[in-house]
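Colleague: Based on what follows, work out the 3D shape:
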Amino acid sequence: MVFYFKARPEAGDYTIFMGLDKFENEELIKYGFPEDIWFHVDKMSSAHVYIRLHKGQTIDDISEGVLEDCVQLVKANSIQGNKVNNIDVVYTPWSNLKKTASMDVGQIGFHNPKMVRTVRVEKRINEIVNRLNRTKVERKPDLKAEREAVNAAERAERKLQLRDKVPSS
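Modeller: Numbers count the residues shown, from 1 in each chain. Now for the predicted structure:
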């Protein structure tokens, strides 16, 4: 089960999502998209929250408002983190997530620690969490099939671009 949320409307059409549990998080880690940015409470147990950016966007394109939505959702979905103020939330591109066979289910590391950003969250802002929860939709997506469909579309696009570059004789 994956939970989907709509970021604040004035920020544009962004979907924020998170897995139901650590097993769902494994699937999200495995079948993520290059446009996905991963969020987690630092040094505490919490949900793995993602935002899917638009093609061509990077972590630098996340607006303050969308960032606030993501970090508030992570904080609200951390048993420990939701109870205390002044927590840190880390975030990084999905492509920077590192998973090895020796890691526990739902556990990750980073390929490049310098790509991990940290934001301080002073307190839970209920207005934001409640607004996000009103947009919450539960789905059981086939993450592998979604990823394979995107890969196939990208291969087809590259094939077309290569064909267009080949000079005709």
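Colleague: Every contact and neighbour count from this point should use C-alpha atoms.
Modeller: Will do.
Colleague: Grab the CA positions of the worst-scoring helix or strand of the chain on mean pLDDT and hand them over as CSV.
Modeller: In the chain, no helix or strand scores lower on mean pLDDT, DSSP states H and E than helix 143-165, which sits at a mean of 85. What follows is helix 143-165, C-alpha atoms only, in CSV (Å, rounded to 0.1, in the frame of the first residue of the first chain):
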residue,chain,number,x,y,z
LEU,A,143,5.9,-0.2,-8.8
LYS,A,144,7.9,-2.6,-10.9
ALA,A,145,5.5,-2.3,-13.9
GLU,A,146,5.5,1.5,-13.6
ARG,A,147,9.3,1.6,-13.6
GLU,A,148,9.5,-0.8,-16.6
ALA,A,149,7.0,1.3,-18.5
VAL,A,150,9.0,4.5,-17.9
ASN,A,151,12.2,2.7,-18.9
ALA,A,152,10.6,1.4,-22.1
ALA,A,153,9.3,4.9,-23.0
GLU,A,154,12.8,6.4,-22.4
ARG,A,155,14.4,3.7,-24.6
ALA,A,156,11.9,4.4,-27.4
GLU,A,157,12.6,8.1,-27.1
ARG,A,158,16.4,7.6,-27.3
LYS,A,159,15.8,5.3,-30.3
LEU,A,160,13.8,8.0,-32.1
GLN,A,161,16.5,10.6,-31.3
LEU,A,162,19.3,8.3,-32.6
ARG,A,163,17.3,7.6,-35.8
ASP,A,164,16.8,11.3,-36.4
LYS,A,165,20.5,11.9,-36.1
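Colleague: Flag every buried residue along it.
Modeller: Buried residues in helix 143-165, counted by 16 or more other Cα atoms under 10 Å: L143.
Colleague: I'd like the distance from that helix to the chain centre, please.
Modeller: 22 Å (Cα atoms, centre = their mean, to the nearest Å).
Colleague: Okay, the most centrally placed residue in the chain and Q161: tell me how far apart.
Modeller: Centroid check for the chain by Cα atoms, centre = their mean gives Y50 as the closest residue, at 1.7 Å. Distance, Y50 to Q161, by Cα to Cα, to the nearest Å: 31 Å.
Colleague: I37 too?
Modeller: Taking Cα to Cα, one finds I37 at 28 Å from Q161.
Colleague: Quick check: phi and psi at F3.
Modeller: phi -100, psi 130 (degrees, to the nearest 10).
Colleague: wait, doesn't it sit right on K136?
Modeller: Yes - using Cα atoms under 8 Å, F3 is in contact with K136, at 6.4 Å.
Colleague: Okay, strands next: where are they in this protein?
Modeller: Using DSSP state E, the strands of the chain run over 2-6, 15-19, 36-41, 49-52, 87-93, 97-98, 109-110, 117-121, 137-139.
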